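S.K.: Sequence first, predicted coordinates after that:
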Amino acid sequence: MASVTIYDVAARAGVSIKTVSRVMNKEPNVRPAMRDRVLEAASALDYSPNLSARSLAGSRSFVIAVFVDAALTIDHWRSERGADYLSRIQLGATLQCRDAGYHLLIELIDHDAPRVRQEVAALLAALKPDGVILTPPSSDNETVLELLDKAGTPYVRLGPERPDGVGPRVHMDDFAAASEMTLHLARLGHRRIGFIIGEPRYGASQARHNGYRDAMMQLALPVADSWVRQGDFTFQSGLDQAKALLSLPDRPTAIFASNDDMALGCLAAAAELGLMVPGEVSVAGFDDSPSARFSRPQLTTVRQPVVEMAALATRLLISGEIKGAASKREPVDELLPFELIHRASTAPPPAP
């Protein structure tokens, strides 16, 4: 049996194929009665337009792409700990795409030049996406931004640390969030607070580190060099750096890790060293991933609104509010709120 085509739907509804295309592509300015007639005809014929046909009907591809860091994503999957950040990005973006009849594609980007230039140029040429969501470190990568601008492809940067004027962004205040968490630990009575920095290629890592140091400075608390350790956002780096911190003669009574995966590594390190959390050392993270709620003890952390950020970025791209490089409009800048989540992994320090 021959497949149903747009011509069959148009004939049954008594309209032009252009009208059917506009209805199927959810374009505005179609009278409700006309829209209902086309949808009824499509339903009766069991018609579903394929992506290629929809793309040919207009200038849109009905594809939103998300660029994610290949190295960190692959590391998370190989460690069998999953990639919660990516899962939340997918959730927020997919729900918006589903409602609007769009498709979401996740693309792993290797940010080591010159490979990033080749990969991004090839992806844009092959996919011709209607928009791209840039997650760190793509959101601050000059080569990626240059290629998108050159192609005239609209994009939204999630969580970038570069200032305004280099493209639309949806973000949270990593500096303020890290400062608030550090102040929370100090209010519990901690004076020796260790910090594990995230992957250095990510702008958020430096912002969170700066927020920690700013809070310590506000309180006139010392920050020994040995209390600040370099991690890379992985569980293993949290485990290794926490062991180093907890083996110091003047070990911190609290450790603040730049993400939840590293904080979970801190919990594991404390357990291996026979230290009780939070009785002998407090641990705090950053993200509020599902694992933060399932750990023992449950993890005190910063809730990063990743789902909401991805959803907003997708809506902005689909709505057409975000234009390509040729647009002279003021770049969109959306700041979403964070929240401190107090759980059982933090408490006052042990008595001297």
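M.R.: Arrived safely.

S.K.: From now on I want contacts and neighbour counts done on CA atoms only, so please keep to that.
M.R.: Fine.

S.K.: how does the chain divide up, domain by domain?
M.R.: Per automatic domain parsing, the structural domains of the chain span 6-56, 63-172+306-321, 174-303.

S.K.: low pLDDT regions in the stretch 51-200 of the chain?
M.R.: Scanning the stretch 51-200 of the chain for pLDDT under 70 picks out 51-59, 79-83, 113, 162-165.

S.K.: Repeat the analysis, applying 90 as the threshold.
M.R.: For the stretch 51-200 of the chain, the stretches flagged by pLDDT under 90 are 51-62, 69-87, 98-102, 110-119, 121-123, 125-128, 137-138, 140-142, 159-168.

S.K.: circling back: of the domains of the chain, flag the one that's most buried.
M.R.: A comparison of these by mean neighbour count, using mean count of other CA atoms under 10 Å, puts domain 174-303 on top with a mean of 21.

S.K.: Quick one: end-to-end distance for that domain.
M.R.: Start-to-end span of domain 174-303 (CA to CA, to the nearest Å) is 11 Å.

S.K.: Tell me what the nearest residue to A313 once chain neighbours are set aside is bridged to.
M.R.: Of all residues not flanking A313 in the chain, V156 sits nearest, at 6.0 Å (CA to CA, 6 or more residues apart in numbering). On the basis of DSSP bridges, V156 is bridged to I133.

S.K.: V156 and A121, how far apart?
M.R.: To A121, V156 is 17 Å away according to CA to CA.

S.K.: Equivalent analysis for D225, please.
M.R.: From D225 across to A121, the span is 42 Å (CA to CA).

S.K.: returning to what we had before: enumerate every residue touching the residue nearest to A313.
M.R.: 131-134, 167-170, 313, 317, 322 (CA atoms under 8 Å, 6 or more residues apart in numbering).

S.K.: what about 7 Å?
M.R.: By CA atoms under 7 Å, 6 or more residues apart in numbering, the contact set of V156 is 132-134, 168-169, 313.

S.K.: Can you give me the distance of it to S138?
M.R.: 11 Å.

S.K.: So for K128, what's the nearest residue that isn't a sequence neighbour?
M.R.: Closest to K128 by CA to CA, 6+ apart is S61, at 6.5 Å.

S.K.: Then Q298 would be within a helix, right?
M.R.: No. Assigned with DSSP: H, G, I helix; E, B strand; the rest coil, Q298 falls outside any helix and is coil.

S.K.: That one contacts S345, correct?
M.R.: Yes. Between Q298 and S345 a contact is recorded at 5.9 Å, counting by CA atoms under 7 Å.

S.K.: Thanks a lot, catch you later.
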